[in-house]
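# Based on what follows, work out the 3D shape:
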Amino acid sequence: MSVRRSDHKLWRLGVLVLLLGLLLARGARAEPPPDRSPLELPADWDRASTFDPDYVPGQVLVLYESAAPDTARAAALDVPQVSHPEVIADDLALVQVPEGDELAVAARLSAQPGVLTAEPDYYVYAQGTPNDPYLSRQWYHTLVGSPSAWDLSTGDAALCVAIIDSGIDLTHPDLAARITNGGDYVDGGAPNDEYGHGTHIAGIVGAVTNNTVGIAGTDWRAELRIIRVLDAKGVGTTSSIVRAIDEAIANGADVINLSLATYGGPAAMQAAIDRAYAAGVVVVAAAGNDAIDRPTYPAACEHVIAVAATNRNDVYARYSNYGAYVDLAAPGGDKTERVVDGIYSTMPTYSVTATRNLGLARNYDYWQGTSMSTALVSGLSVLLLSAGASLGPDEIEDVLAKTAVDLGPKGWDQDYGWGRIDAAQAMSQITPPARVDDLSIASITGPTAGQVDLVLSWTPPANARSITIRYASTSITSANWAEAELLAADLPGSTGSFIAQGVPYTGGTLYFALRADSVRAPGILWSAVSNNAFWPPKAQLMLPLVRIRH
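Numbering: from 1, shown residues only. Okay, here's the model as predicted:
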């Protein structure tokens, strides 16, 4: 995404953990960027889950066609593995199916005459707004559009983020349910956090959310694999980081968060990152907190998303490093004489270095740095993967870059890279379009001379980039979609009607299917199931709407 610099010198790594805890306060927007100055540490400081599934187990909802008679509705449920139908509404029934077979049974039910569609009984969340009591302190979620992104996806428990840092409070009530213990490359044993930094980063990435406790994570569901490489002062080595990266790869991590940095040679880290890239892992790292134009590693390595920091005013944080290696920016918090602004997240519930020496509170507190910016990008990256699991590292970076808010000079610049992340816009680019449930035949002319002219109409689905329409003499499903005849391709996503002339017709039923695709993800297939849309020409004025189903 940008030109990177590489020293290719192999040094031991004195990791600079990027930090300072501060209290939250208001800040006026549209202020000029602050003067550059590095984060300051004390003078004596040595600076060298299991989640419920998305749908109710063992339950499927069956939506009938409005004109389907009671006999057809009853016959539609005569499918193996279906039992105990319960009427939910006039056109809706809830049935019991074996746990684990919800999707398969729903597909069979969808193919039944008289059924509009069938699907699992999905859990519903209130417009992406979780009930975590400290959400109001997380100003950064509002700034980057997290609530709108959560409307599209809250994550996937099958995904994994490896947090390579100082460990974690393994019993924290806002984290414990999502933690998987990784290695401890400092002391061995469990990756207990003795510094506090790793616990804070983990909360930003993925605190347990919508649980009436604490804060909201950027991603709500992914496994957090905790790998400890930093000691009680926040210092580690290149060798421990390489081992941690390889462990993350071996255990199926989808995203690796590296909220740490050094100015040492990157060769060994680059080799490990190359292995992660080859395995399809997204690697995100902090740009550094010294307010200088000098590459840090691993951020400046190839195949890494390097993240600079912005403040609540949407300008670069005074301490954030800048330069040719910066790819993106994200809120990291900032403090000036007039404004105290930090990133609110989890802290260990017990005493650690950050609470003893840096003045941070236990349980939760504000902190700042490009470390925090990095955690936001990692959380958003895994959230993107939950909506487009086939995306690779380059595609994730591409989506983040193309949807970022351009804060500096037009295009890429050394302060913000491609801009400050926008979670809502990024998610909308890869989330499958909203369902099309009103495809209809607006008018028909013919049939004459073995063909028919017609006008199809529908409501343009949200998030659609393009629309494709196919037709066949038999019902169209996902399995035979590619074999159906192409009627229209690459229609703009905003299209709501199509005039089809000269469609071959020699009798019987024609079925139409519409699929809307987003930039990165294919949409849902919707097919016509009218028993006979072209009954003798005399009856054309009485034609029913074309029914649409999954």
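# beta partners for Phe498?
For Phe498, the beta-bridge partners under DSSP bridges are Leu456.
# contacting residues for it?
Residues in contact with Phe498, defined by C-beta atoms under 8 Å, 6 or more residues apart in numbering, are 455-456, 469, 487-488, 491. (Each C-beta comes from the backbone N, C-alpha and C, glycine too.)
# Name the nearest residue to Pro393, sequence neighbours excluded.
Val282 (4.7 Å; C-beta to C-beta, 6 or more residues apart in numbering).
# can you check Glu483 too?
Setting aside the residues directly before and after it, Glu483 is nearest to Ala472 in space (C-beta to C-beta, 6+ apart), at 7.6 Å.
# isn't that neighbour right up against Asn480?
Yes. Under the contact definition of C-beta atoms under 8 Å, Ala472 touches Asn480, with a separation of 7.4 Å.
# what about these two, which has more around it?
Using other C-beta atoms under 10 Å, the more surrounded residue of Ala472 and Asn480 is Ala472, with 19 against 14.
# Report pLDDT for that one.
According to the prediction, Ala472 has pLDDT 87.
# Now do the phi/psi pair for it.
For Ala472, the backbone dihedrals are phi -160, psi 170 (criterion: degrees, to the nearest 10).
# Now do the contacts for it.
Ala472 makes contacts with 480, 483-485, 510-511, 513, as judged by C-beta under 8 Å, 6+ apart.
# Please apply the same query to Lys402.
Under the criterion of C-beta under 8 Å, 6+ apart, the neighbours of Lys402 are 418, 429.
# Spell out the secondary structure type for it.
Secondary structure, DSSP: H, G, I helix; E, B strand; the rest coil: Lys402 is helix.
# Distance check, it against Asp132.
Plainly put, Lys402 is 30 Å away from Asp132 if you go by C-beta to C-beta, to the nearest Å.
# So Val205 sits against Ala162, correct?
No. In this structure, Val205 is not within contact of Ala162 by C-beta under 8 Å, at 10.1 Å.
# Show me what the residue nearest to Pro393 is bridged to.
Beta-bridge partners recorded for Val282 (DSSP bridges): Val255.
# The one 4 residues further on too?
On DSSP bridges, the residues paired with Ala286 through beta bridges are Val307.
# repeat for Cys160
Beta-bridge partners of Cys160, as defined by DSSP bridges: Glu223.
# wait, what's in contact with it?
With contact taken as C-beta under 8 Å, 6+ apart, Cys160 is in contact with 180, 222-225, 251-255.
# mind redoing it with 10 Å?
Remark: with contacts taken as C-beta atoms under 10 Å, 6 or more residues apart in numbering, Cys160 is in contact with 49, 180, 222-225, 248, 251-256, 281, 382, 385.
# so where's the stretch 401-550 of the chain shaky on pLDDT?
519-550 (pLDDT under 70).
# With the stretch 51-200 of the chain instead?
51-56, 122-129.
# can you map out the helices along it?
Along the stretch 51-200 of the chain, the segments classed as helices by DSSP state H, counting those that start in this stretch run 70-76, 102-110, 139-144, 146-152, 197-206.
# hang on, the earlier thing: could the contacts of Phe498 go into TSV alongside neighbour count and distance to Ser148?
Converted to TSV, those look like this (neighbours: other C-beta atoms under 10 Å; distance: C-beta to C-beta, whole Å):
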residue	neighbour count	distance to Ser148
Val455	15	34
Leu456	22	31
Ile469	21	29
Leu487	17	34
Ala488	16	31
Leu491	18	26
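# Tabulate those (CSV), appending distance to Ile88.
As requested, those are arranged in CSV below (distance: C-beta to C-beta, whole Å):
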residue, distance to Ile88
Val455, 34
Leu456, 30
Ile469, 32
Leu487, 35
Ala488, 36
Leu491, 35
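# Tell me the one of those residues nearest Gly419?
Proximity of these to Gly419, judged by C-beta to C-beta, is greatest for Leu491, which lies at 30.3 Å.
# Report the secondary structure state of Tyr366.
Under the three-state scheme (three-state DSSP), Tyr366 adopts strand.
# Name the nearest residue to it, sequence neighbours excluded.
Leaving aside its sequence neighbours, Tyr366 is closest to Gly342 (2.9 Å, by C-beta to C-beta, 6+ apart).
# Distance-wise, check the one you found relative to Val283.
In terms of C-beta to C-beta, Gly342 sits 25 Å off from Val283.
# Equivalent analysis for Asn210, please.
Going from Asn210 to Val283 by C-beta to C-beta gives 28 Å.
# Which residue of the two possesses the greater neighbour count?
Neighbours per residue (other C-beta under 10 Å) separate Asn210 from Val283, with Val283 holding more: 30 against 18.
# surely that one meets Val304?
Yes. The pair Val283 and Val304 qualifies as a contact (C-beta atoms under 10 Å) at a distance of 4.9 Å.
# list residues touching both of those two?
Between them, Val283 and Val304 share the neighbouring residues 256, 258, 269, 273, 276-277, 298, 393, 397, with contact defined by C-beta under 10 Å, 6+ apart.
# closest to Val186 among those residues?
Out of the shared contacts of Val283 and Val304, the one with the shortest distance to Val186 is Leu258. That distance is 15.8 Å, counting by C-beta to C-beta.
# Local confidence estimate at the closest one?
Looking at Leu258, its pLDDT stands at 96.
# What residues does it make contact with?
Under the criterion of C-beta under 10 Å, 6+ apart, the neighbours of Leu258 are 15, 162-165, 201, 229, 241, 244-245, 269, 273, 283-286, 297-299, 301, 304-305, 307, 371, 374, 378.
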